[in-house]
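>>> A structural model of the following input is requested.
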Amino acid sequence: MITIRRAEERGHADHGWLNTYHTFSFADYYDPEQMGFRALRVINEDRVQAGAGFGKHGHRDMEIISYVLEGSLGHSDSMGTGSTIRPGEVQRMSAGSGVTHSEMNASKDEPVHFLQIWILPEKGGIRPGYEQKKFEEEERRGTLRLVASPDAADGSVTIHQDVRLYSTLLDGDQTVTHALAPGRYGWVQVARGEVELNGQTLKAGDGAAIEGEPSVTLRGTGAEVLLFDLN
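Here you go, the predicted structure:
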């Protein structure tokens with residue numbers, strides 16, 4: 001069964017400096033039918049204006065992944081980490097027992113467009129941690145590149161949950177297929193472009209919950225897609 005969450009059905013807020021869409025309930029947007037999927041709790045698509053961003057604030061017990069589509073995102077935190085995240089780079093911050101951080105547009109001229117993803121950890125109170133890795137376009141084009149996993153497989157960032165996150169770039173009507181083991185679930189999030197998911201059309205901003213399907217097949221041109229394999 002595939003249940004599509006259309007882009008236009010998401011929660012939305014435009015604060016001027018921030019234009020944000022919420023796939024699941026977040027902040028002032030609340031829908032009891034959209035509280036997440038399995039361990040996946042938040043997928044926010046954010047566009048932040050130049051020189052603006054999220055000032056210092058705190059989190060606990062959450063695996064937070066930032067995935068930049070355009071522009072650059074400046075990060076700093078109470079662990080002493082300072083970095084800039086650009087397209088093709090994946091940032092993982094484990095909030096664990098408690099961390100404060102800020103995420104700011106690193107440019108004074110251009111907006112930044114990124115996805116912020118929250119995954120519930122397998123247990124609470126772990127030591128906070130940070131990781132950032134780059135995955136070249138060539139690694140992701142026409143294939144599903146593992147970018148986050150519980151065991152750092154294939155050079156992916158490590159998350160503290162039984163979730164595997166893949167990224168793919170599909171050009172020229174390319175097709176990729178991922179098998180789902182019995183008892184596993186999938187979530188597809190289209191970051192840009194348009195794809196067919198097991199024959200159903202999804203456009204940028206659309207997501208889809210996948211249950212009881214033996215495999216996921218994505219076909220698209222000029223598309224960037226994230227695939228979550230969840231327990």
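
>>> so what's the most centrally placed residue in the chain up against?
Per C-alpha atoms, centre = their mean, the C-alpha nearest to the average position across the chain is that of Ile117, at 4.2 Å. With contacts defined as C-beta atoms under 8 Å, 6 or more residues apart in numbering, Ile117 is in contact with 40, 42-44, 64-67, 165. Bear in mind the C-beta positions are built from the backbone N, C-alpha and C, glycine included.

>>> can you rerun that using 7 Å?
By C-beta atoms under 7 Å, 6 or more residues apart in numbering, the residues touching Ile117 are 42-43, 65, 67.

>>> Now, of those residues, which are buried?
Neighbour counting over the contacts of Ile117 (16 or more other C-beta atoms under 10 Å) leaves 42-43, 65, 67 as the buried ones.

>>> Tell me the one of the residues you listed nearest Ala106?
Compare each of these with Ala106 using C-beta to C-beta and the shortest gap goes to Tyr67, at 15.3 Å.

>>> can you give me the mean pLDDT across the host helix or strand of the closest one?
Tyr67 belongs to strand 63-70 when elements are defined using DSSP states H and E. Averaged across strand 63-70, the pLDDT comes to 96.

>>> which secondary structure elements does whichever helix or strand comes after it contact?
Next helix or strand after strand 63-70 toward the C-terminus (DSSP H and E): strand 73-77. On a contact count with 3 or more C-beta pairs under 7 Å, 6 or more residues apart in numbering; DSSP states H and E, strand 73-77 meets strand 82-85, strand 99-105.

>>> can you list those in CSV and add mean neighbour count?
Below are the helices and strands packed on strand 73-77 laid out as CSV (neighbours: other C-beta atoms under 10 Å):
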stretch, mean neighbour count
strand 82-85, 16
strand 99-105, 20
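
>>> What segments of the protein are helices?
137-140 (DSSP state H).

>>> Can you spell out which helices and strands pack onto the lowest-mean-pLDDT helix or strand in it?
Here the helix or strand of the chain ranked lowest by mean pLDDT, DSSP states H and E is strand 53-59, holding a mean of 79. Under the contact criterion of 3+ C-beta pairs under 7 Å, 6+ apart, strand 53-59 touches strand 99-105.

>>> The strand it packs on pairs with which strands, parallel or anti?
Strand 99-105 pairs in its sheet with strand 53-59 (antiparallel), strand 73-77 (antiparallel), by DSSP bridges.

>>> Return the most buried member of these.
strand 73-77 (a mean of 19; mean count of other C-beta atoms under 10 Å).

>>> For that one, give the mean pLDDT please.
Mean pLDDT, computed over strand 73-77, is 82.

>>> Specify the angle between that strand and strand 63-70 in degrees.
160 degrees (axes from the mean of the first three to the mean of the last three C-alpha atoms, to 10 degrees).

>>> can you give me how far strand 73-77 is from the chain middle?
17 Å (C-alpha atoms, centre = their mean, to the nearest Å).

>>> How about residues contacting that strand?
Outside strand 73-77, the residues within contact range by C-beta under 7 Å, 6+ apart are 66, 81-85, 91, 93, 99-106, 112, 114, 130.
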